[in-house]
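Peer 1: okay, here's the prediction I keep looking at, along with the sequence it came from:
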Amino acid sequence: MFKQWIALSAMSLSTLPQRIGASSVIVIGIAGVVAVLVSVLAMGVGLRHTLADGGRADRAIVLRGGSDVELNSNLTREDIAVIGNAPGLAVDGSGKPLLSAELVTVVNVPKKDTGTDANVTLRGVGAKLTEVRPEIVMQSGRMFRPAVRELIAGAGAVRQFRGLEPGSVLHLRNAEWTVTGVFTSNGDVHESELLADADTVASATERTGFSSALVLLSSAGAFDRFKDSLTTDPQLRVDVQREPEYYAAQSKALSQAINVVGNSVAVIMAIGAMFGALNSMYSAVAARGLEIATLRAIGFSAMPVMLSVMVEALALALLGGVIGAALAWIVFNGHSVSTLGSAFSQVVFQLAVTPTLVVTGIVWACVIGLLGGLFPALRAARLPVAEALRAT
Amino acid sequence: MKYLPLIWATLWRKKIRTIFTLASIVIAFLLFGVLETVDAAFTHPNGGASGADKLITTNKYSITLSLPLADAQQIAGVSGVVAVTWITWFGGYYQESKNFIFAQPIDTASYFNVYKDELIVSDAAMQSFLETRTGALVDVALMKKFGWKVGDRLPLHSAIWTQKDGSLDWIFDIVGTLDAKDPAQASALSSTVLFHYEYFDEGRNFGKGDVGWFEERVADPAQSAEMSSRIDAVFANSPNETKTQPAKDFAMAFIKQYGDIGFVLRAILGAVFFTLLFLTGNTMMQSVKERIPELAVLKTLGFADGTVLMLVVGESMLLCVLAALVGLALSFAALPVIRGALQGVELSRDAWIPGLGIAVLLALVIAMPPGIRAMRLNIIDALADRH
């Protein structure tokens, strides 16, 4: 029986080119579903890569208690001093804690594609920036200097927003800020931001406190000691999180929403493509009625006939799946987009068509192909031999 | 029209095939209806409860930067401004951060001066609101959602504003409900809670005397662009420059920040319809091919070439338009679900006309190749099965 199945499958696959019209319906239908599914999910993956993969386990972020995002948080200079004296911090050569007191504000910068203003994060950072965040590397230009109105722009922000090239001047609150360089940050969310000296940003925005404190711990294991000392201090009311946890929480809602949209659109499309596959396979079975009846008459049993129809549907679906995933990869992989993140500011990210997504797409394709092939295959198996032979 | 029964009969020549084809077109139009409505909601936002005569003045550099309350006097002095009020972003939520509440500290007199034509508050509720320092007016739908009653104590958490004791929890007393005069605007109010600016400003431990933004009502909506620049001119070169725009533009600019949603939706629809075109076109081709002897008989009976073409086009038209109607009707049935997911976004039902237009176009494109083939059919060859 296995031999019969192999022989029949090879035969039906070799006659495929003769039914190119009907077969291509399955291929193109499924390619469409997979292309849309993979593209939308690639957005979710890209967003997660940018937001959730940011951060190191040996870094912690301190916010005012109850503020879930930096923009809402407020820490005084006294708070920062207490945080800097907490145990578990890494120190520099002269024994100073590796801490960056940061002030997060949002400024309007026009988007390149629409020309309308978008909320871009302007992050004031402390003098220990490059030690606390060693992943920040200048791509072009130079680092900003403290005490003058200079800033550096993330590579993602430069791609999405207007007027952030080195040398450009940004008007912010009656003052002109010069962009002195472009930095990369390992592809994380800070590449969507502008960085400047915290005290300069504070004086420009007339703020006295800070938004958050980012600290480098002496080791990832020192986190609990550091956190406990701050949360048990009656003078302070702060939340302490490991940096990766903070960013994972930030991206959760948005990437979930993208996944829900992607999957529901793909389910609806998949149902449509399944009907297309059913149609094509039914007509394939009808067109091969005489052939199938002849095979049955010379001794092939029903099961291999049925399986060969399934194999045909599956092969076409697989082809469609591969084409769809390839299409999504060619068109969208690395495509840069931006949206409003949960922190009320723009997050620039790139669509990422990962191998996992390609596999997901192909699995969907196979399921559609199997369901679309099942009923026509049953019909093929049940074809009354004598009648079919007489049908011409 | 007299050929309708004939077209109907040929359409159902192969029932299963027609049903599957219909179903896949129905699904394409269901998607079209849903995505088109979502797109419309994003490209034509209604600007909250505000009409065309409303302007919004924010800090020029960022909506997150505040403005001094004293600016209200100067804005009120600009000719053409009928009323001005101020609001601050409270960042409120109820119990959990997923229960977002658009809680707004308002100055009662000026707020209802600006929104007198949009909101309904009973006289009793208004009286009680004015008398209660911690009073709150709550949108009717929100009351229902959480099962709150007038007289309930309402604790809200602010993500931003600490009180003097450092607490982020604020307590209000629900004194009455708030509703939109225009039912179509009701969803824009759907998570609104209004409370007193005085209570808020006295309670908070920083930012006193500042407000988030100003909202104005102007005499002549047609002049809102000039009015906007007139207001901004007042604060030019001050430490707090402003950016004033019509409420609708403000909402639009905000929504645009989410990215080019329209492009994503159109790309998906493009993929759907291309796939569909291929699918249905192939089915039509097949169906005509199988009927060649029948068509030849019709021609023998004296049907003109044009009539045969019309029969094929008619069949495709019937199939597409019927399926499009069902699909669009289903998508409208799904509107309440989407409205739940997209809070505060007004959904329209304007997808009918473009939807039916696309259905007709689709039908024509699909019917053309097999139709022309049927039209050119040579009777002798067709009857002899030499096609």
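Peer 2: Noted; the coordinates are in hand.
Peer 1: what segments of the stretch 101-250 of chain A are strands?
Peer 2: A:117-125, A:137-141, A:150-154, A:169-172, A:175-184, A:194-197, A:212-216, A:238-242 (DSSP state E, counting those that start in this stretch).
Peer 1: quick one: closest of the ones you listed to residue A:11.
Peer 2: Across these, residue A:11 has its closest neighbour in strand A:175-184 (56.3 Å, CB to CB). In this view, the C-beta of every residue, glycine as well, is placed from N, C-alpha and C.
Peer 1: which residues touch residue A:88?
Peer 2: By CB atoms under 8 Å, 6 or more residues apart in numbering or on different chains, the contact set of residue A:88 is A:217, A:218, A:222, A:223, A:225, A:226, A:229.
Peer 1: related to what we said a few turns ago, let's have the strands of the stretch 101-250 of chain A in JSON lines, adding mean neighbour count and distance to residue B:62.
Peer 2: Shown next, in JSON lines, are those (neighbours: other CB atoms under 10 Å in any protein chain shown; distance: least, CB to CB, whole Å):
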{"stretch": "strand A:117-125", "mean neighbour count": "25", "distance to residue B:62": "7"}
{"stretch": "strand A:137-141", "mean neighbour count": "15", "distance to residue B:62": "24"}
{"stretch": "strand A:150-154", "mean neighbour count": "25", "distance to residue B:62": "15"}
{"stretch": "strand A:169-172", "mean neighbour count": "17", "distance to residue B:62": "9"}
{"stretch": "strand A:175-184", "mean neighbour count": "18", "distance to residue B:62": "14"}
{"stretch": "strand A:194-197", "mean neighbour count": "26", "distance to residue B:62": "12"}
{"stretch": "strand A:212-216", "mean neighbour count": "25", "distance to residue B:62": "18"}
{"stretch": "strand A:238-242", "mean neighbour count": "20", "distance to residue B:62": "24"}
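Peer 1: how is the chain carved up into domains?
Peer 2: Using chain A. Listed domain ranges for chain A are A:2-52+A:251-390, A:66-236 (source: automatic domain parsing).
Peer 1: hmm, I had chain B in mind actually
Peer 2: Following the assignment in automatic domain parsing, chain B carries domains at B:4-45+B:259-383, B:54-256.
Peer 1: most packed of the domains of chain A?
Peer 2: domain A:2-52+A:251-390 (a mean of 20; mean count of other CB atoms under 10 Å in any protein chain shown).
Peer 1: end to end, how far does that domain reach?
Peer 2: Taking CA to CA, to the nearest Å, domain A:2-52+A:251-390 runs 29 Å from one end to the other.
Peer 1: is chain B within reach of it?
Peer 2: Yes: remark: domain A:2-52+A:251-390 sits within contact range of chain B at A:21-22, A:24-25, A:28-29, A:31-33, A:35-36, A:39-40, A:265, A:268-269, A:271-273, A:275-276, A:278-280, A:282-283, A:337-340, A:344, A:346, by CB under 8 Å from any CB of the partner chain.
Peer 1: contacts for stretch A:329-342, please.
Peer 2: With contacts defined as CB under 8 Å, 6+ apart, stretch A:329-342 is touched by A:38-39, A:42-43, A:46-47, A:51, A:69, A:111, A:118-119, A:156, A:159-160, A:189, A:192, A:250-251, A:253-254, A:346-353, A:358, B:257-260.
Peer 1: over to stretch A:74-84?
Peer 2: For stretch A:74-84, the surrounding residues in contact (CB under 8 Å, 6+ apart) are A:62-64, A:67, A:97, A:99, A:101, A:208-213, A:215, A:230, A:233, A:235-236, A:238, B:162, B:206.
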